[in-house]
Structure formats: C-alpha cells, structure tokens
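Undergrad: from the sequence below, what's the structure:
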Amino acid sequence: MNVIDRVKEFIVLRKLSVSGFEKSLGLANNTIQKAIKRSGSVKDDTMNKILEVYPEINPIWLLMGKGDMILNESNQNHVKEGEPVYNRETGIDAQFEEMFARYLKSPKAKNEINKIVATQISGITDKLGLLILDNEIKAEIEKAVAENLKEQEVKQ
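TA: All right, here's what the predicted structure looks like:
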C-alpha cells in the first residue's frame with residue numbers, strides 16, 4: 001500500500017469524496033486523481049496540507065504505513081469519527097460544501113436560489129424603506145415637540 005492508497009483509505013473513513021477532500025485542502029480538482037495516475041505518490045506540499053488540515057492523521061502511518069491511521073486522544077486533539085471536517089479557508093463543512101457545489105450545477109437549482117435571494121433582498125429593501133419612513137416620522141415628531149415647547153415657553 002502506498003501513500004495515495006492510505007490517503008484514499010482516510011477519505012473513505014471520513015466519508016468524503018475525493019473532490020470534497022481536495023476542496024477541504026484548497027487543492028485544485030483532480031489533484032488526488034492525478035497523483036493516483038502518477039506513481040501513487042503525493043507531493044510534499046500536498047502532504048503538508050493534509051497533515052495541517054487533518055491533524056488527527058498519524059504522519060508515520062500516512063508516510064510509511066506504520067501504526068494507527070488516527071492518532072489517539074493522548075497524542076492529539078483529533079476530530080472524532082463522524083464529526084464534520086471543515087474547510088479551513090471557508091469554515092464550511094467540507095461535505096456540505098461539496099454537496100452545494102454539485103447542487104449549483106443544476107440550472108433548476110440556480111433558478112430556485114435566485115428566487116430565494118430575490119425574495120430576501122426584497123424583504124430587506126422593504127424593511128429599509130420602513131426604517132427610512134420611521135426616521136422621517138421621528139424627525140417630524142421631534143420637530144413638532146420642539147415647536148410645542150417653544151410655544152409653551154413664549155406663553156410663560
């Protein structure tokens with residue numbers, strides 16, 4: 001078993017797709033697939049990203065296949081199995097990010113999202129309009145109160 005096979009094993013354990021894993025590392029699409037087609041090796045900078053983003057991976061296991069895949073709690077504060085893995089750049093769950101990207105490829109989905117966004121924007125502009133109106137009314141009330149106070153001072 002080579003490094004790329006161990007990377008694939010980790011991806012399976014975390015229930016990620018290869019593209020979701022690549023996104024979580026900030027890698028271009030097919031980086032891992034290209035590594036598989038090459039000699040099964042992974043570049044040093046990719047290895048470093050994997051170990052940085054997934055600190056629970058035992059680096060000795062990843063590099064040499066020795067020991068456990070996941071560091072135990074006494075050695076590392078690791079992500080528990082089944083816990084979401086977040087993309088460090090966006091802070092979004094990598095699986096959600098991948099699913100959403102797939103969803104956006106559908107023209108129907110894009111249309112639905114555009115409708116939702118348009119509705120939200122419309123609601124916000126309506127609220128802003130009311131806020132502006134409220135401020136205008138507030139200014140009119142303040143002006144009327146000030147005039148009333150002046151009239152009362154003159155009478156006294």
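
Undergrad: Ile32 - nearest residue in space that isn't next to it in sequence?
TA: Leaving out its chain neighbours, the residue that sits closest to Ile32 by C-beta to C-beta, 6 or more residues apart in numbering is Val18, at 5.1 Å. From N, CA and C alone the C-beta is placed, and that goes for glycine too.

Undergrad: for the one you found, give me its contacts.
TA: 8, 11, 32-33 (C-beta atoms under 8 Å, 6 or more residues apart in numbering).

Undergrad: retrieve the pLDDT associated with it.
TA: At Val18, the model reports a pLDDT of 86.

Undergrad: try the one 4 residues further on
TA: At Glu22, the pLDDT value in this model is 87.

Undergrad: element containing it?
TA: In the assignment (DSSP states H and E), Glu22 maps to helix 18-25.

Undergrad: if you count contacts, what does the helix or strand following that helix end up packed against?
TA: For helix 18-25, the following helix or strand on the C-terminal side (DSSP H and E) is helix 31-37. For helix 31-37, the packing partners by 3 or more C-beta pairs under 8 Å, 6 or more residues apart in numbering; DSSP states H and E come out as helix 3-13, helix 18-25.

Undergrad: please, where are all the strands along this protein?
TA: Taking DSSP state E, the chain contains no strands at all.

Undergrad: hang on, the earlier thing: so which of the helices and strands packed on helix 31-37 comes closest to Pro107?
TA: Nearest to Pro107, of all the helices and strands packed on helix 31-37, is helix 18-25, at 20.6 Å by C-beta to C-beta.

Undergrad: what about dumping the CA coordinates of the closest one to CSV?
TA: Once non-C-alpha atoms are left out, helix 18-25 reads as follows in CSV (Å, rounded to 0.1, in the frame of the first residue of the first chain):
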residue,chain,number,x,y,z
VAL,A,18,-12.1,12.8,-3.4
SER,A,19,-13.3,16.2,-4.7
GLY,A,20,-14.6,17.1,-1.2
PHE,A,21,-11.3,16.1,0.3
GLU,A,22,-9.4,18.2,-2.3
LYS,A,23,-11.6,21.2,-1.6
SER,A,24,-11.0,20.9,2.2
LEU,A,25,-7.3,21.1,1.4
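
Undergrad: right, I'll leave it there.
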